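Visitor: here is a sequence with its predicted model. Questions after.
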Amino acid sequence: MLLALFGTGALAGGVGALLGLGGGIFLVPALTLLFHLPVRMAVGTSLVSVIATSAGVAASASEESGADVMLALRLEIATAAGAVVGGLVAGFVPANALAILFAVVVFATAAYTLAKNLRRAGDEKMYRRDYTARNWVAGSSTAGLAGMVSGLLGVGGGFIKVPTMYAVMGVPLGIATATSNFMVGITAAASVFVYIGRGDVRPLIVVPTAAGVFLGAVVGSLLQSRVKVGALRWALVVLLLGIGVQMLVRGLRGGA
Amino acid sequence: MTGTGGHEDRQQAAGIGRSMRLVARSLSGLALSLMLVGLALALTGAPRPIDPRTLDLTARGQRLMLGGIIVLCSLPGVRVLTAGAHYAAARNLARAVVALVVLLELIASIVTGG
């Protein structure tokens, strides 16, 4: 059982790191559908795993990754608040509704990945520094929503933050992605203590899973530059659609 | 864009940043050690077969693992402070974020009774 949790975590973390997604989008459905854990427990486990990955893989200086730390910290005020609210709300939302909401988020992530696949890579302006972030009110509001989704469902929320920073706030895409990755661990840390307080973080599940995710993420990030992920990205869209349907069915049947 | 002051400020900020990164690495090592020792204790003291839904662990092992998880979960806070130390103008924002999170956690613990 523990080895299975470790292996699932490693797979989720590895695929997530390879494709630039958080492991949570795979981990929560895996723990719910394969290990039959309650959704809230799966979300708590996912949040700790997100923090482990963020603390381990991205421990180097943030500016080296291209993240705009000033922008991240400003948005994090709204995101952290949203995450705590999301964590609190999760305690009152029925498990079925959480599963259906998760399915919606998985479909949105599939659409976001599809849009990324269709976009031509190698845009030289992805990391340009001559920009000024604008529309702070709209940006902060949406960041708060992303935080709420993260606290509620245990995912990073990059599929909300990155398009908002890029399209609404005028931040170059590469910097928006790096900034979103920088924010993920901090957002998860804001809501995870709500789950710990509620007893949804079970050490025997969390420790092997988080260790697996951490190892998978390290290996995935090492492989990222050596493996051609083009075809894998298209497979991911199909996989996400499958996961979304499974979670939707589970939520509608009331078995979550 | 960074809001950083002069050369001395930058040097000082870089020094603080290095120290904070060292603290973060030490804390992550501590978290990992606590979790692994706790897991070993829990496994040697728990009945077989282990069902994670109906946990029956040794209290010490569970406490150590939970301690490791809490140390791990406090690391992003250290990261915020590290980032704040790099950017003089961001320091106050970092403090604001930390203060807000602590306040919200307090409210959350009151609401959930944790």
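Guide: Thanks, I have the structure now.
Visitor: model confidence at residue A:151, what's the number?
Guide: pLDDT recorded at residue A:151 is 86.
Visitor: count of residues packed around the closest residue to it other than its chain neighbours?
Guide: Among residues not flanking residue A:151 along the chain, residue A:86 sits closest, at 2.7 Å (C-beta to C-beta, 6 or more residues apart in numbering or on different chains). To be clear about C-beta, it is placed using only N, CA and C from the backbone, and glycine gets the same treatment. The number of residues packed near residue A:86 is 27, by other C-beta atoms under 10 Å in any protein chain shown.
Visitor: and for residue A:34?
Guide: Residue A:34: 11 neighbours (other C-beta under 10 Å).
Visitor: surely it and residue A:8 touch.
Guide: Yes. Between residue A:34 and residue A:8 there is a contact under C-beta atoms under 8 Å: 6.9 Å.
Visitor: now the host helix or strand of the residue nearest to residue A:151: average pLDDT?
Guide: Taking DSSP states H and E as the definition, one finds residue A:86 inside helix A:69-90. Averaged over helix A:69-90, pLDDT sits at 86.
Visitor: quick check, the following helix or strand past that helix touching chain B?
Guide: Once helix A:69-90 ends, the next helix or strand along the chain (criterion: DSSP H and E) is helix A:95-118. No. Helix A:95-118 does not reach chain B (C-beta under 8 Å from any C-beta of the partner chain); its nearest approach is 13.9 Å.
Visitor: helix A:95-118 relative to helix A:69-90, how many degrees between them?
Guide: 150 degrees (axes from the mean of the first three to the mean of the last three C-alpha atoms, to 10 degrees).
Visitor: keeping just the C-alphas, turn the next helix or strand after helix A:95-118 into CSV.
Guide: As assigned by DSSP H and E, the chain's next helix or strand after helix A:95-118 is helix A:136-153. This file holds the C-alpha atoms of helix A:136-153, laid out as CSV (Å, rounded to 0.1, in the frame of the first residue of the first chain):
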residue,chain,number,x,y,z
TRP,A,136,-4.2,45.2,-10.7
VAL,A,137,-7.8,45.0,-9.4
ALA,A,138,-8.8,42.5,-12.1
GLY,A,139,-5.6,40.6,-11.7
SER,A,140,-5.8,40.4,-7.9
SER,A,141,-9.4,39.4,-8.0
THR,A,142,-8.7,36.6,-10.4
ALA,A,143,-5.6,35.6,-8.4
GLY,A,144,-7.9,35.4,-5.3
LEU,A,145,-10.2,33.1,-7.3
ALA,A,146,-7.2,30.9,-8.3
GLY,A,147,-6.2,30.7,-4.6
MET,A,148,-9.7,29.6,-3.7
VAL,A,149,-9.6,26.9,-6.4
SER,A,150,-6.2,25.8,-5.0
GLY,A,151,-7.4,25.6,-1.4
LEU,A,152,-10.7,23.9,-2.4
LEU,A,153,-9.3,21.3,-4.8
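Visitor: and the residue of chain A nearest chain B?
Guide: Closest approach of chain A to chain B (C-beta to the nearest C-beta) occurs at residue A:197, with a separation of 2.4 Å.
Visitor: quick check, pLDDT for that residue.
Guide: So residue A:197 comes in at 82 (pLDDT).
Visitor: and it, which helix or strand is it part of?
Guide: Using DSSP H and E, residue A:197 falls in helix A:173-198.
Visitor: and the helix or strand just after that helix, which residues are buried?
Guide: Later in the chain than helix A:173-198, the nearest helix or strand by DSSP H and E is helix A:203-223. For helix A:203-223, the neighbour count (16 or more other C-beta atoms under 10 Å in any protein chain shown) marks A:203-218, A:220-221 as buried.
Visitor: packing partners for helix A:203-223?
Guide: helix A:2-19, helix A:39-57, helix B:7-45, helix B:59-86 (3 or more C-beta pairs under 8 Å, 6 or more residues apart in numbering or on different chains; DSSP states H and E).
Visitor: apply 10 Å and report the result again.
Guide: helix A:2-19, helix A:24-29, helix A:39-57, helix A:173-198, helix B:7-45, helix B:59-86 (3 or more C-beta pairs under 10 Å, 6 or more residues apart in numbering or on different chains; DSSP states H and E).
Visitor: reformat these as TSV; add distance to residue A:98.
Guide: What follows is the helices and strands packed on helix A:203-223, written out as TSV (distance: least, C-beta to C-beta, whole Å):
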stretch	distance to residue A:98
helix A:2-19	18
helix A:24-29	9
helix A:39-57	5
helix A:173-198	13
helix B:7-45	27
helix B:59-86	21
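Visitor: of all those, which lies closest to residue A:236?
Guide: Nearest to residue A:236 among those is helix A:2-19 (5.6 Å), distances taken as C-beta to C-beta.
Visitor: taking helix A:203-223 as reference, get the angle to that closest one.
Guide: Going by the same axes, to 10 degrees, helix A:2-19 makes 30 degrees with helix A:203-223.
Visitor: contact partners for the residue lying closest to residue A:195 once chain neighbours are set aside?
Guide: Spatial nearest neighbour of residue A:195, excluding adjacent residues (C-beta to C-beta, 6+ apart): residue A:44 at 3.6 Å. Neighbouring residues of residue A:44 by C-beta atoms under 10 Å, 6 or more residues apart in numbering or on different chains: A:28, A:31, A:37-38, A:87, A:90, A:154, A:191-192, A:194-196, A:198-202, A:205-206, B:69.
Visitor: can I get the buried part of those residues as one PyMOL selection?
Guide: Listed next is the PyMOL selection for buried residues among the contacts of residue A:44, using 16+ other C-beta under 10 Å:
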select buried, (chain A and resi 28+31+37+87+90+154+191+192+194+195+196+198+200+201+202+205+206) or (chain B and resi 69)
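Visitor: give me the below-cutoff pLDDT ranges for the chain.
Guide: Just going to use chain A. By pLDDT under 70, the weakly predicted segments of chain A are A:20-22, A:56-65, A:117, A:119-129, A:224-225, A:227-231, A:254-256.
Visitor: my bad, the chain I had in mind was chain B
Guide: Residues of chain B meeting the criterion pLDDT under 70: B:1-21, B:45-58, B:81-97, B:99-114.
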